[in-house]
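Colleague: coordinates only, sequence not included:
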């Protein structure tokens, strides 16, 4: 796949022409602010590349812009690019995706139209996946509520897990007996002097230093459902 690159002069004007409408996004949240001209865009909003435009991101990834992978949470977003027939993804700050900085060229119209169709297909797929996840979460929540209201036994939870759905969980208080050995480095005149310097604070201090733990064993004494 050949890539026709525009001149630097042409690239520097991307997103600056008043007639150059683009999708703008909030760099803090990634929220789509709509198709706007530079004059209409809020201050600080990021003008995004158009599907099919050739972009170079952080000098490490070059290809035709497909779009952002949803869900978009910001400020880190996942970008899809097409290069040599392969789709790649890249996690980058949305603030670094300003069209005026990353767009470096254009493909011919036929190829651009194909990439735009690919972009729309990804959008439909992403949104369908999000809707399916929402439906699954809603179904699981309703199923748990029904099971609790009708005092269904643990066999319900086993059924859910067998079908790759989360079963009910409950808070538990767990008493655990722990026996461990820590190593302290203490200056002293003799054994009695050193032993007298070992106190609660010095031992607790070593508990936050994993390298100081020589051995550790534990056993669960009791479990009580809250």
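Modeller: Looks like it came in fine. Computed from a predicted model, the values in this text were never measured in an experiment. Numbering: from 1, shown residues only.
Colleague: quick one: the helices in the chain?
Modeller: With DSSP state H applied, the chain shows helices at 8-12, 99-102, 109-149, 155-162, 191-197, 200-207, listed in chain order.
Colleague: what's the fourth one packed up against?
Modeller: In this case it means helix 155-162. Where contact means 3 or more Cβ pairs under 8 Å, 6 or more residues apart in numbering; DSSP states H and E, helix 155-162 is packed against helix 109-149. In this view, the C-beta of every residue, glycine as well, is placed from N, C-alpha and C.
Colleague: check the longest one too.
Modeller: Secondary structure elements in contact with helix 109-149, counted by 3+ Cβ pairs under 8 Å, 6+ apart, are strand 61-68, strand 76-83, helix 155-162.
Colleague: low pLDDT regions in this structure?
Modeller: 1-19, 59, 210-212 (pLDDT under 70).
Colleague: domain-wise, how is it divided?
Modeller: 8-107, 172-225 (automatic domain parsing).
Colleague: wait, which of these is closest to residue 142?
Modeller: Residue 142 lies closest to domain 8-107 among the domains of the chain, at 22.3 Å (Cβ to Cβ).
Colleague: how far is the closest one from where the chain is centred?
Modeller: 19 Å (Cα atoms, centre = their mean, to the nearest Å).
Colleague: picking up where we left off before, and of the helices and strands packed on helix 109-149, who's closest to residue 127?
Modeller: strand 61-68 (12.0 Å).
Colleague: direction included, what does that closest one pair against?
Modeller: Here strand 61-68 is paired, per DSSP bridges, with strand 54-57 (antiparallel), strand 76-83 (antiparallel).
Colleague: so who does residue 225 touch?
Modeller: Residues in contact with residue 225 (Cβ atoms under 8 Å, 6 or more residues apart in numbering) are 170-172.
Colleague: most neighbours of all those, which one?
Modeller: residue 172 (9 neighbours; other Cβ atoms under 10 Å).
Colleague: make sure that residue is actually in contact with residue 223.
Modeller: Yes: here residue 172 reaches residue 223: they are 5.6 Å apart, a contact under Cβ atoms under 8 Å.
Colleague: about what we covered before: of the contacts of residue 225, which is the nearest to residue 57?
Modeller: The nearest member of those to residue 57, counting by Cβ to Cβ, is residue 171 at 44.9 Å.
Colleague: might you report the residue contacts of the closest one?
Modeller: So residue 171 contacts 225-226 (Cβ under 8 Å, 6+ apart).
Colleague: any idea how far it is from residue 147?
Modeller: 17 Å (Cβ to Cβ, to the nearest Å).
Colleague: max-length strand in the chain?
Modeller: strand 213-225 (DSSP state E).
Colleague: neighbours of residue 207, just the number please.
Modeller: Residue 207, neighbours per other Cβ under 10 Å, totals 11.
Colleague: who is the closest residue to it other than its chain neighbours paired with across the strands?
Modeller: Setting aside the residues directly before and after it, residue 207 is nearest to residue 182 in space (Cβ to Cβ, 6 or more residues apart in numbering), at 6.9 Å. In this structure, residue 182 bridges to residue 213 when assessed by DSSP bridges.
Colleague: mind checking the backbone torsions on residue 183?
Modeller: Main-chain torsions, residue 183, degrees, to the nearest 10: phi -110, psi 120.
Colleague: distance of it from residue 202?
Modeller: On the measure of Cβ to Cβ, residue 183 and residue 202 end up 11 Å apart.
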